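Asker: model this:
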Amino acid sequence: MAIEKENSVVGIEYEVKEAGTTDIVDTNKGAQPLEFVMGKGQIIPGLENALVGMKEGESADILVKAADAYGEVNPEAVQTLPREQFEGVDLQEGMTLYGQGEDGQTVQVTVKSFNDKEVTIDFNHPLAGKDLMFSVKVLSEREATPEEAATGQVGGGEHCGSGSCGCGH
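Answerer: Model (predicted):
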């Protein structure tokens, strides 16, 4: 059975590099598969679209352009804030900080530069503006249960912790 655009539960093994480099940005090889419900926006759109039609056991190298990955760099996402807001932080250029966004969600920012008065931070994703090369293998593919299709949660949200505790799936 091939992966469908919606309501397939897919498990993949992946390695991702910045296109044109050999630097591995992220991988789950040798770890747990990444499982997600298709059509729920849980992975970047360019990768999700490329998986449609692939079958279990199939591998592919997929180039995802920046616009279909983490988007282009947004110059308005760079802000300069008073240094007092970073009291107690040992600032370094290029470091990643986590804070709370306006909606209460966690946001990741990169410290671009700082002096004794101000700190310039960048809310763009570190991979914004970059084309990505994914090496992907489809490890599993099945139809989502009605609950998985509704919630987008793989396994219906019955999280046991260890995974092999006999949830009765």
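
Asker: State the mean pLDDT of stretch 110-124.
Answerer: Across stretch 110-124, the average pLDDT comes to 95.

Asker: Span of that stretch from start to end?
Answerer: Between the opening and closing residues of stretch 110-124 we find a distance of 8 Å, counting by Cα to Cα, to the nearest Å.

Asker: Same question for stretch 24-31.
Answerer: 15 Å.

Asker: can you list contacts of that stretch?
Answerer: For stretch 24-31, the surrounding residues in contact (Cβ atoms under 8 Å, 6 or more residues apart in numbering) are 13-18, 34, 127, 132. Bear in mind the C-beta positions are built from the backbone N, C-alpha and C, glycine included.

Asker: let's go with 7 Å and repeat that
Answerer: Residues from elsewhere that reach stretch 24-31, judged by Cβ atoms under 7 Å, 6 or more residues apart in numbering: 13-18, 34, 127.

Asker: and what of stretch 106-125?
Answerer: Taking Cβ under 7 Å, 6+ apart as the criterion, the residues outside stretch 106-125 that touch it are 70, 73-74, 77-83, 86, 91-101, 126.

Asker: returning to that earlier point: now the buried members of the contacts of stretch 24-31.
Answerer: A residue is treated as buried here by neighbour count (16 or more other Cβ atoms under 10 Å); on that basis the buried members of those are 13-17, 34, 127.

Asker: I'd like to know how many residues surround the spatially closest residue to Lys55 that is not a sequence neighbour.
Answerer: Nearest in space to Lys55, with sequence neighbours left out and distances taken as Cβ to Cβ, 6 or more residues apart in numbering, is Ala2 at 5.3 Å. Taking other Cβ atoms under 10 Å as the criterion, the count of residues near Ala2 is 13.

Asker: Contact partners for Ala2?
Answerer: Contact partners of Ala2, counting by Cβ under 7 Å, 6+ apart, are 53-55.

Asker: Report pLDDT for the spatially most central residue of the chain.
Answerer: When the chain is reduced to its mean C-alpha position, the closest residue under Cα atoms, centre = their mean turns out to be Ile43, at 5.8 Å. In the prediction, the pLDDT value recorded for Ile43 is 94.
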